[in-house]
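Visitor: Sequence and predicted structure below; questions after.
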Amino acid sequence: MKSRSCDVRCGAGSRESKAGGAVIIGYGIGEHGLERQRFQADHPPEPLPLWLDVQAPDETEREALRRLLGVRMPSPEEMREIEPTSRLYQDGDAIVMTALVPESVELEHAATVEVAFIHVHGRLITLRYADAAPIDLFVERLEQDATDCRDHDAVFLGLLDAVVDRVADGLEFVAAHIDELSADIFGNGRMRVRRDYRKVLKGIGEVADAISRARESLFTLDRLVSFFNIVASTHSGERRGRTRPLSRDIKSLADHAGFLADKAGFLLDATLGMVGLEQNAIIKIFSVMAVVFLPPTLIASIYGMNFDFMPELDWPLGYPLAILLMIISAILPYRFFKFRGWL
């Protein structure tokens, strides 16, 4: 049986320099599931692959792919531009859409990478210049079940679903981390004074950064799906129906990310408030100690004067009486502060 390709990958780790263009590694559907094949852009197989995953191509490879597919591959600088017209546009018969997706499999790493999804002549091209965990995970899913590779729309929606799942996993990790920070700050529901909040503030900063990147990724995905529904007008009704669950997931995750952002902001305010309470407590201790020791210091200063006529200096009990007087004068302010609830 002749296999049907559904993934083509040409990355830095799998390229070989040959005249006439880039070496492309393709994955196809055969009798035994996902199969691999290798070809060059100037010697494509028949039929042409359904999905091309192009990773980190240089200028020569981009030009070879342009000649092969009839669409220009955007450069890394063009994909980083934030204008909607630079990320979502039509190039002749091609639809070019760029979104931010998680870069790493590790959830604690919040970095994102730009990925361009290009629809041209009934095929899908994904272009990226760095690792993108959802794409790799989607390929692993296809190795188990290749039903998502029946057409380029199915591959596209499957990829977007994998990206949304990865963002959701990241938000779940962030939510768990926020709960840990909350327990660390408040201590089993009761506010407690800490002595070093640098670690807590660093954790809140990491959480806020992860939430910000997740919201940015969801924003680009929401805008991408809306643009896809508008531009792909030939089967717009069918495509809108297929993207509607995805749009609902994106909006619900965006709302959840907003909730987590508010919670992280609350934890930041609470931490700064706790720091202020601790500083006030320290200042209060110094103030109370200064007041407590002020009367004994006054008594000691009086009897430290070098005057000849001080009758208490000749008393046999003058020294013990001065010590007792200093102790009593220190105890009285302390007891008064305790009575008023200031300590």
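Guide: Received, thanks.

Visitor: Quick one: list the elements packing against the helix or strand harbouring D165.
Guide: Assigned by DSSP states H and E, D165 belongs to helix 152-186. Counting contacts by 3 or more CB pairs under 8 Å, 6 or more residues apart in numbering; DSSP states H and E, helix 152-186 is packed against strand 94-102, strand 112-120, strand 123-128, helix 133-144, helix 198-231, helix 236-302. C-beta here means a position set from N, CA and C on the backbone, and glycine is covered the same way.

Visitor: And those: which comes nearest W51?
Guide: Judged by CB to CB, the one of those that comes nearest to W51 is strand 123-128, at 4.9 Å.

Visitor: got the angle for the closest one vs helix 133-144?
Guide: 140 degrees (axes from the mean of the first three to the mean of the last three CA atoms, to 10 degrees).

Visitor: centroid residue for the chain?
Guide: A210 (1.6 Å; CA atoms, centre = their mean).

Visitor: quick one: it and A176 touch, right?
Guide: No: with contact defined as CB atoms under 8 Å, A210 and A176 do not form a contacting pair (11.7 Å).

Visitor: quick one: secondary structure of M305?
Guide: At M305 the chain is in coil, as set by DSSP: H, G, I helix; E, B strand; the rest coil.

Visitor: Would you mind measuring from it to L325?
Guide: 16 Å (CB to CB, to the nearest Å).

Visitor: Settle it for me: which of the two has more neighbours?
Guide: Using other CB atoms under 10 Å, the more surrounded residue of M305 and L325 is L325, with 15 against 8.

Visitor: Which of the helices or strands spans that one?
Guide: According to DSSP H and E, L325 maps onto helix 318-340.

Visitor: The helix holding D165: how far from the chain's middle?
Guide: With CA atoms, centre = their mean, to the nearest Å as the basis, helix 152-186 stands 9 Å off its chain's centre.

Visitor: ok and that helix relative to helix 236-302, angle-wise?
Guide: Between helix 152-186 and helix 236-302, the angle comes out at 20 degrees (the same axes, to 10 degrees).

Visitor: List the buried residues of helix 152-186.
Guide: Neighbour-count burial for helix 152-186, with 16 or more other CB atoms under 10 Å as criterion, is recorded at 152-164, 166-168, 170-171, 173-175, 177-178, 181, 184-185.

Visitor: Is it correct that S75 is in contact with R62?
Guide: Yes: using CB under 8 Å, S75 is in contact with R62, at 7.5 Å.

Visitor: ok so, going back, output the helix holding L325 in PDB with nothing but the alpha carbons.
Guide: What follows is helix 318-340 as a C-alpha-only set of coordinates in PDB (Å, rounded to 0.1, in the frame of the first residue of the first chain):
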ATOM      1  CA  GLY A 318      21.900  54.300  98.400                       C
ATOM      2  CA  TYR A 319      23.300  51.900  95.800                       C
ATOM      3  CA  PRO A 320      20.800  49.100  96.300                       C
ATOM      4  CA  LEU A 321      18.000  51.700  96.400                       C
ATOM      5  CA  ALA A 322      19.100  53.200  93.100                       C
ATOM      6  CA  ILE A 323      19.200  49.700  91.500                       C
ATOM      7  CA  LEU A 324      15.700  48.900  92.800                       C
ATOM      8  CA  LEU A 325      14.400  52.200  91.600                       C
ATOM      9  CA  MET A 326      15.800  51.600  88.100                       C
ATOM     10  CA  ILE A 327      14.100  48.100  88.000                       C
ATOM     11  CA  ILE A 328      10.800  49.400  89.100                       C
ATOM     12  CA  SER A 329      10.900  52.300  86.600                       C
ATOM     13  CA  ALA A 330      11.500  49.800  83.800                       C
ATOM     14  CA  ILE A 331       8.800  47.400  84.900                       C
ATOM     15  CA  LEU A 332       6.100  50.000  85.200                       C
ATOM     16  CA  PRO A 333       6.100  51.100  81.500                       C
ATOM     17  CA  TYR A 334       6.300  47.500  80.400                       C
ATOM     18  CA  ARG A 335       3.200  46.600  82.500                       C
ATOM     19  CA  PHE A 336       1.400  49.700  81.200                       C
ATOM     20  CA  PHE A 337       2.000  48.600  77.600                       C
ATOM     21  CA  LYS A 338       0.800  45.100  78.300                       C
ATOM     22  CA  PHE A 339      -2.400  46.500  80.000                       C
ATOM     23  CA  ARG A 340      -3.200  48.600  77.000                       C
END
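
Visitor: ok, residues contacting that helix?
Guide: Contact partners of helix 318-340, identified using CB atoms under 8 Å, 6 or more residues apart in numbering, comprise 288, 291-296, 298-300, 303, 312, 315, 343.
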